[in-house]
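J.: Build me a structure from this.
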Amino acid sequence: MNLSYVYVAAMFLSVACVSSARADEAAAKPENTTQPVPDPISFSSQIAPILLDSCVACHSAKKAEGGYRVDSFTELMKPGDSGETPVAIVAKDQPADAEKPTSELLRRLSCDESERMPAESEPLPPEQVNLIAQWIDQGARFDGDAPQTPLWLVIPPPTYADPPESYARTIPVTSAIFSPDGTQVIVGGYHELTIWDPQTGTLVRRIKNIGQRVFAMAFASDGQTLAVACGEPGRSGEVRLIDFGTGELKGVIARTGAVALDLAFRPGTDTLAIASADASIHVYDCKTLAKLHSIASHADWVTAVSWSDDGARLASASRDKSAKVYDGESFELLASYLGHGAPVRGVSILPGGTQVVSVGGDSKLHRWEVEAAKKTAEVALGSEGFKIVRGTDFLLVPLADHRVIRINLADNKLATEFSGHTDWALTTTLREQQVMSGAFNGEIRIWHLADASLLHNWSPIPR
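T.: Prediction:
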């Protein structure tokens with residue numbers, strides 16, 4: 001006889017006997033009518049994302065339909081213009097067969113189209129409505145630190161979906177920098193950073209779990225921590241701190257409902273200034289992840305930030321057509337330059353800290369004194385300029401007319417053109433004698449600084 005068959009048959013018989021015995025034991029016991037206790041519903045991780053996705057657009061501080069807001073837990077619990085209580089909580093000791101109080105929020109999520117929320121949109125999926133109902137039945141508790149905190153800060157930092165294995169098309173290069181040793185190039189992708197060998201244009205590795213789009217990157221003074229300004233336009237923004245060697249996430253700071261557009265480390269420190277589309281500058285300590293200051297001086301997107309060489313001053317550029325300078329310690333406003341008359345895209349404080357240069361939509365470079373915000377020189381660029389990179393005695397400016405230009409600070413004159421892009425040059429960076437730029441059509445080009453000769457070019461997308 002096959003011993004394997006005997007072993008399997010014996011095991012089956014043993015299991016059957018145990019099952020029979022357990023069934024008899026269960027039959028002898030009185031029936032247990034206790035219902036299983038459902039897992040608690042988390043406002044922060046389960047309810048807040050639903051409200052942010054489907055409700056905040058019409059019920060926030062900027063637009064409060066019916067006088068009702070849901071952009072924080074505190075506001076969610078307040079009645080709107082109707083005076084109806086939005087969340088009717090079921091008491092713990094209420095009998096199971098008692099009539100439950102009406103929740104205006106639930107009623108509006110499940111009634112007919114005349115009153116249903118979201119208005120003029122598809123109704124919430126039944127599973128989401130049921131989740132909100134369970135949360136209310138459990139007491140509508142807030143499980144965060146402060147009930148008045150905006151929803152996008154209450155929600156735990158997300159773990160983003162993996163990027164595509166290969167890209168069907170190129171994407172704009174909005175940020176690209178050299179690695180600290182200069183042997184690799186780091187490029188912002190879709191929910192990732194891609195790292196390339198510039199000599200061959202081959203992909204070395206990928207760092208995942210990054211915001212949808214990357215707008216700026218900078219290494220901390222330790223040469224290992226990479227700060228990544230990223231976000232999803234119109235929805236969220238943040239700065240992710242990455243261990244460049246391992247690709248591991250070290251922390252998430254400056255989380256807002258608008259993308260982070262630029263960042264800059266105060267020279268020799270872990271203090272990071274972040275330009276955000278929420279019209280603010282956020283200053284953080286990247287060691288402790290503590291927020292040090294917020295500057296709300298601009299009236300529109302803050303597009304760029306720059307420190308003076310000694311860290312004593314901080315400059316900013318904005319879509320509100322202004323550039324500003326602040327004290328680097330107190331962050332008191334020192335100067336506001338309004339000479340552009342168009343959105344300002346790039347700014348840099350010159351050596352000595354008394355003069356600033358800025359560029360933007362008026363296709364000019366403005367050089368001005370911090371004292372009295374007085375213009376001292378103007379250079380025609382021929383096209384809209386973006387973020388400025390400063391060398392020892394010159395500036396590099398990427399332009400919408402496909403060029404990167406070098407301007408000498410001694411005479412404010414155009415010294416070199418780096419040509420060859422066939423689309424907007426959006427970003428540029430400098431390392432020793434190499435100039436790198438990225439374009440809207442997804443191309444990277446690297447030139448020799450001295451003579452503008454092309455060294456490398458490729459499209460940094462995984463294939």
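
J.: quick one, strands of the stretch 101-250 of the chain?
T.: 176-178, 185-188, 192-197, 202-208, 213-219, 225-232, 236-243, 249-256 (DSSP state E, counting those that start in this stretch).

J.: possible to save these as JSON lines with mean pLDDT, mean neighbour count and distance to residue 424?
T.: All C-beta spots, glycine's among them, are computed from the backbone N, C-alpha and C. Below are these laid out as JSON lines (pLDDT from 0 to 100; neighbours: other CB atoms under 10 Å; distance: least, CB to CB, whole Å):
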{"stretch": "strand 176-178", "mean pLDDT": "98", "mean neighbour count": "22", "distance to residue 424": "14"}
{"stretch": "strand 185-188", "mean pLDDT": "98", "mean neighbour count": "26", "distance to residue 424": "16"}
{"stretch": "strand 192-197", "mean pLDDT": "98", "mean neighbour count": "20", "distance to residue 424": "20"}
{"stretch": "strand 202-208", "mean pLDDT": "98", "mean neighbour count": "14", "distance to residue 424": "24"}
{"stretch": "strand 213-219", "mean pLDDT": "98", "mean neighbour count": "22", "distance to residue 424": "15"}
{"stretch": "strand 225-232", "mean pLDDT": "97", "mean neighbour count": "24", "distance to residue 424": "19"}
{"stretch": "strand 236-243", "mean pLDDT": "96", "mean neighbour count": "22", "distance to residue 424": "22"}
{"stretch": "strand 249-256", "mean pLDDT": "94", "mean neighbour count": "19", "distance to residue 424": "26"}
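
J.: got the ones you listed as JSON lines, with distance to residue 403 columns?
T.: Shown next, in JSON lines, are the strands of the stretch 101-250 of the chain (distance: least, CB to CB, whole Å):
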{"stretch": "strand 176-178", "distance to residue 403": "17"}
{"stretch": "strand 185-188", "distance to residue 403": "20"}
{"stretch": "strand 192-197", "distance to residue 403": "23"}
{"stretch": "strand 202-208", "distance to residue 403": "27"}
{"stretch": "strand 213-219", "distance to residue 403": "21"}
{"stretch": "strand 225-232", "distance to residue 403": "25"}
{"stretch": "strand 236-243", "distance to residue 403": "29"}
{"stretch": "strand 249-256", "distance to residue 403": "32"}
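
J.: just for the stretch 201-350 of the chain, where's the confidence low?
T.: Scanning the stretch 201-350 of the chain for pLDDT under 70 picks out nothing.

J.: Look up how far residue 178 lies from residue 447.
T.: Computed as CB to CB, to the nearest Å, the residue 447 to residue 178 distance reads 13 Å.

J.: which residues are common contacts for these two?
T.: Common neighbours of residue 447 and residue 178, using CB atoms under 8 Å, 6 or more residues apart in numbering, are 434, 436.

J.: Got the confidence number for residue 389?
T.: Looking at residue 389, its pLDDT stands at 98.

J.: ok, what's across the strand from the residue nearest to it when sequence neighbours are not counted?
T.: Among residues not flanking residue 389 along the chain, residue 396 sits closest, at 4.3 Å (CB to CB, 6 or more residues apart in numbering). Listed by DSSP bridges, the beta-bridge partners for residue 396 are residue 389, residue 406.

J.: mind listing what residue 396 touches?
T.: Residue 396 neighbours (CB under 8 Å, 6+ apart): 388, 389, 390, 404, 405, 406, 428, 430, 435.

J.: I figured the second one was touching residue 428, is that so?
T.: Yes. Shown here, residue 389 and residue 428 form a contact pair, counting by CB atoms under 8 Å, at 5.4 Å.

J.: Which of the two has more residues huddled nearby?
T.: Taking other CB atoms under 10 Å, residue 389 and residue 428 do not tie; residue 428 has more neighbours (24 against 21).

J.: Surely the more buried one forms part of a helix?
T.: No. Looking at residue 428 with DSSP: H, G, I helix; E, B strand; the rest coil, it is strand, so not inside a helix.

J.: and it, what pLDDT?
T.: Note for residue 428: predicted pLDDT of 98.

J.: need the contact list for it.
T.: Listed by CB under 8 Å, 6+ apart, the contact set of residue 428 reads 387, 389, 396, 397, 398, 404, 435, 436, 437, 438.

J.: just to revisit the earlier point, reformat the contacts of residue 396 as JSON lines; add distance to residue 269.
T.: Below are the contacts of residue 396 laid out as JSON lines (distance: CB to CB, whole Å):
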{"residue": "388", "distance to residue 269": "21"}
{"residue": "389", "distance to residue 269": "20"}
{"residue": "390", "distance to residue 269": "19"}
{"residue": "404", "distance to residue 269": "29"}
{"residue": "405", "distance to residue 269": "31"}
{"residue": "406", "distance to residue 269": "29"}
{"residue": "428", "distance to residue 269": "24"}
{"residue": "430", "distance to residue 269": "21"}
{"residue": "435", "distance to residue 269": "27"}
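
J.: Now which of the residues you listed would you call buried?
T.: Buried members of these, counted by 16 or more other CB atoms under 10 Å: 388, 389, 390, 404, 405, 406, 428, 430, 435.

J.: Closest one to residue 461 out of the residues you listed, please.
T.: When the buried ones among the contacts of residue 396 are compared for distance to residue 461 (CB to CB), residue 428 wins out at 19.6 Å.

J.: The nearest residue to residue 393 once chain neighbours are set aside: neighbour count?
T.: Counting by CB to CB, 6+ apart, residue 393 lies nearest to residue 409, which is 5.2 Å off, once chain neighbours are set aside. When neighbours are defined as other CB under 10 Å, residue 409 has 19 of them.

J.: contacting residues for residue 409?
T.: By CB under 8 Å, 6+ apart, the contact set of residue 409 is 350, 393, 394, 395.
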